[in-house]
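Student: no sequence for this one, just the structure:
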């Protein structure tokens with residue numbers, strides 16, 4: 001599915017995936033000087049003020065396909081311009097539309113973005129059962 005520049009952490013709700021993702025994003029930004037784009041679910045547990053203080057761009061994702069598509073296109077453009085180094089996506093499964101065509105479009109856009117990506121996911125598979133996933137342990 002995704003290229004080698006995409007890492008997904010999978011596990012049940014409440015086991016610390018979001019905390020891990022924020023810690024990694026903060027370390028990448030603070031210690032390595034990377035410019036971070038952070039996508040979180042609309043029900044995110046962190047305030048917008050907190051998020052914008054830590055990362056170059058913060059967008060909330062949800063079930064609105066047009067809004068999600070615009071967020072991905074904006075981040076893609078920023079990455080291509082060299083203004084974002086890495087993308088973190090919390091609850092990528094919340095981001096995936098119920099429409100299979102929209103899901104595939106999101107995957108295509110994400111795959112084409114020239115940046116490293118890390119995401120969390122509580123359910124697997126999050127695209128569909130027929131998709132060819134590669135799982136490394």
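Tutor: Cool, got the structure. Bear in mind that the values here come from a model prediction, so they are computed numbers and not experimental data.
Student: separation between the most centrally placed residue in the chain and residue 33?
Tutor: The centroid of the chain falls nearest to residue 89 when counting by Cα atoms, centre = their mean (2.0 Å). Between residue 89 and residue 33 the distance is 21 Å, computed by Cβ to Cβ, to the nearest Å. All C-beta atoms are positioned from the backbone trio N, CA, C, and that covers glycine.
Student: Name the spans of this structure whose pLDDT lies under the cut-off.
Tutor: Residue ranges of the chain with pLDDT under 70: 1-4, 42-50, 52, 63, 97, 124-137.
Student: hmm, 80 instead?
Tutor: 1-5, 41-54, 60-66, 93-104, 107, 123-137 (pLDDT under 80).
Student: May I ask you to name the longest helix in it?
Tutor: helix 65-80 (DSSP state H).
Student: continuing past it, what's the next helix or strand?
Tutor: Proceeding N to C from helix 65-80, the next assigned helix or strand is strand 86-89, under DSSP states H and E.
Student: Walk me through which strands that following strand pairs with, and which way each runs.
Tutor: Within its sheet, and counting by DSSP bridges, strand 86-89 is paired with strand 36-41 (parallel), strand 116-121 (parallel).
Student: check contacts around the residue nearest to the centre of the chain.
Tutor: When contacts are counted by Cβ atoms under 8 Å, 6 or more residues apart in numbering, residue 89 touches 38, 39, 40, 61, 95, 117, 118, 119, 120.
Student: SS state for residue 93?
Tutor: Following DSSP: H, G, I helix; E, B strand; the rest coil, the label given to residue 93 is helix.
Student: Counting neighbours, what do you get for it?
Tutor: Other residues within reach of residue 93, judged by other Cβ atoms under 10 Å, total 18.
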